[in-house]
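Return a 3D structure for these sequence lines:
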Amino acid sequence: MRTSEFRTLVQHVLARKPELIADFEQVAVAQLNDADPAVFCRRTRTELERFRPDELPAFIDAREGEVSARYIKEDESGYVKNDPDEVVLSYSLRPLVEDVTRRFAVGAKAGARAAALGVIQGLYAERDGKAWQDPTALDYLGEDILLGEACGIARIADAWGGKLELWDFQRTVPEWARQISKVRADR
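Numbering: from 1, shown residues only. Coordinates of the predicted model:
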């Protein structure tokens, strides 16, 4: 059975037996809570390893209307510009961030926390750039940009009530633990 066919079947069953909705929701939340941080770490690393600096100009041009205001920065002369490194990184990680957010939205906090921690671990694992196929990628996506994105993921968890604790970071991303905690405390 195809996904769309299965979806239709479930909708018909629930329409005929609305008393099953609560059971379906419980099973769905349990399924989403069963998240392995290592899987999200690997998915994050895969996305980062796909980054190609020589594709950056075309990437920015193709997504001109999608650049979020959070990526607009003011340089020393007061000129406001987009920071393309952060745009590319954030766009690359968008499916993972949406997965974390979706899990929080349906009440699967444990799964969302595990997913968020896995994404942060993936960013941390790539901080030296050794796994990247393109050695110049580290010049474009340096550790400070990766750390900034990790702080953003931690803030998402905080906003949804799934705060990751300092010990989570000390155990999994020791060199970033203090910085992530400080940035979150400064919000």
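
what packs against the helix or strand hosting Val183?
Val183 belongs to helix 177-185 when elements are defined using DSSP states H and E. When contacts are defined as 3 or more CB pairs under 8 Å, 6 or more residues apart in numbering; DSSP states H and E, helix 177-185 packs onto helix 143-159, helix 166-172. C-beta: built from backbone N, CA, C; applies to glycine.

buried ones in the last one?
Within helix 166-172, the residues that qualify as buried by neighbour count (16 or more other CB atoms under 10 Å) are 168-169, 172.

Now do it: everything it contacts.
The contact list for helix 166-172 (CB atoms under 8 Å, 6 or more residues apart in numbering) reads 37, 117, 120-121, 124, 176-177, 180-181.

Check the residues you listed for burial and list the buried ones.
Using 16+ other CB under 10 Å as the burial test, the contacts of helix 166-172 include 37, 117, 120-121, 124, 176-177, 180-181 as buried.

sorry, back to before: quick one: the contacts of helix 166-172 as a markdown table, columns for pLDDT too.
Below are the contacts of helix 166-172 laid out as a markdown table (pLDDT from 0 to 100):
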| residue | pLDDT |
| --- | --- |
| Pro37 | 94 |
| Leu117 | 94 |
| Ile120 | 94 |
| Gln121 | 94 |
| Tyr124 | 91 |
| Trp176 | 91 |
| Ala177 | 90 |
| Ile180 | 88 |
| Ser181 | 83 |
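
for the chain, longest helix please?
When secondary structure is assigned using DSSP state H, the longest helix within the chain turns out to be helix 84-105.
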